[in-house]
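J.: Mind looking at a prediction? Sequence and model below.
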Amino acid sequence: MKIINATWEKRNLGCDAYEIQIERKDLKNFSSIMSELKKQDFSGAYVTVKMPVGNLEALHALEDDGFRFMETQYHLRKDLSDYETPVMLLPYVNKLERVEVGKNRERWQEIVDMITPEMFTTDRIYLDPLLPYGTSCKRYKNWMMDLVEKSGVRLFIVKDNDDVIAYSLEVWDMDKKVVNGLLGGVFEKYQKEGYGLLSWDNGLRYYKKNKVSIDTDISSNNQAVFDVYMFFDYKITKQTYVLRKKFEEGRNDSIIL
């Protein structure tokens with residue numbers, strides 16, 4: 001088990017935050033894990049637990065202690081070596097252009113400012129009844145701007161002529177020939193214009209051209225985008241339960257909601 005002081009989350013959530021990573025080997029003696037957690041001083045903190053799926057005894061022990069189940073995270077991968085654009089999209093294959101945004105804070109900020117709260121309504125932070133509206137949007141924006149200068153992180157936009165209709169934030173590991181998709185989507189203004197599958201295909205053709213595979217994560221709350229991943233034949237490689245608990249200020253009891 002790892003207990004990480006998520007100092008970067010305090011500006012987003014307005015309180016101390018911790019992330020607890022539980023490994024499969026920890027599940028063999030989960031009572032000792034629970035005992036260790038009870039010893040921690042999480043007063044006033046927002047605590048997230050991530051654990052392997054499949055052990056309901058451990059999951060229920062956390063729930064009995066006040067942690068709330070938020071989602072299952074699906075970890076997905078797609079090998080692009082034999083990718084071909086679906087037939088239904090072929091008439092539109094050249095409609096969109098994928099452009100990389102250089103390492104320029106002002107230009108990144110312009111793209112970040114286009115992100116609106118209603119772009120990510122299935123995000124666990126957006127859905128959490130303990131957190132105010134707009135928290136998840138602020139969190140994503142701060143996260144993106146923190147990564148401007150980070151090596152390997154690249155920001156792309158997808159354009160239809162002069163209109164910027166989507167973006168994708170990615171980590172490129174050329175040693176492993178893998179791209180990790182961190183965050184992306186069609187901007188709210190264009191979400192009902194049929195750009196979803198087109199922008200996805202645009203990215204997949206770009207990855208194939210660069211001879212890389214794509215890794216990404218998605219929440220079980222996000223059925224619509226999960227269906228898109230299945231449409232493009234991504235494979236689930238791992239699943240993770242995610243829970244959270246908000247502790248009362250000055251005590252280790254939780255705020256139940």
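T.: Looks like it arrived, so ask away.
J.: residues in contact with Leu37?
T.: Residues in contact with Leu37, defined by C-beta atoms under 8 Å, 6 or more residues apart in numbering, are 20, 65. C-beta coordinates here come from the backbone N, C-alpha and C atoms, glycine included.
J.: Show the contacting residues for Asp160.
T.: Per C-beta under 8 Å, 6+ apart, neighbours of Asp160: 95-97, 195.
J.: The same query, at a cut-off of 10 Å, please.
T.: Neighbour list for Asp160: 95-97, 166, 190, 193, 195, 198-199 [criterion: C-beta atoms under 10 Å, 6 or more residues apart in numbering].
J.: Separate out the buried members of the residues you listed.
T.: With burial judged by 16 or more other C-beta atoms under 10 Å, the buried subset of the contacts of Asp160 is 96, 166, 190, 195, 198-199.
J.: of these, closest to Gly184?
T.: Proximity of these to Gly184 (C-beta to C-beta) peaks at Ala166, which lies at 6.9 Å.
J.: buried stuff in the strand or helix carrying that closest one?
T.: In the assignment (DSSP states H and E), Ala166 maps to strand 163-173. Buried positions in strand 163-173, judged by neighbour count with 16+ other C-beta under 10 Å: 164-172.
J.: Distance to Val242 added to those residues, as CSV?
T.: Formatted as CSV, those follow (distance: C-beta to C-beta, whole Å):
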residue, distance to Val242
Val164, 31
Ile165, 30
Ala166, 26
Tyr167, 24
Ser168, 23
Leu169, 20
Glu170, 22
Val171, 21
Trp172, 26
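J.: got the residues you listed as JSON lines, with pLDDT and distance to Arg139 columns?
T.: Output for the buried residues of strand 163-173, formatted as JSON lines (pLDDT from 0 to 100; distance: C-beta to C-beta, whole Å):
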{"residue": "Val164", "pLDDT": "97", "distance to Arg139": "22"}
{"residue": "Ile165", "pLDDT": "96", "distance to Arg139": "23"}
{"residue": "Ala166", "pLDDT": "97", "distance to Arg139": "20"}
{"residue": "Tyr167", "pLDDT": "97", "distance to Arg139": "16"}
{"residue": "Ser168", "pLDDT": "97", "distance to Arg139": "18"}
{"residue": "Leu169", "pLDDT": "98", "distance to Arg139": "13"}
{"residue": "Glu170", "pLDDT": "98", "distance to Arg139": "18"}
{"residue": "Val171", "pLDDT": "98", "distance to Arg139": "18"}
{"residue": "Trp172", "pLDDT": "98", "distance to Arg139": "23"}
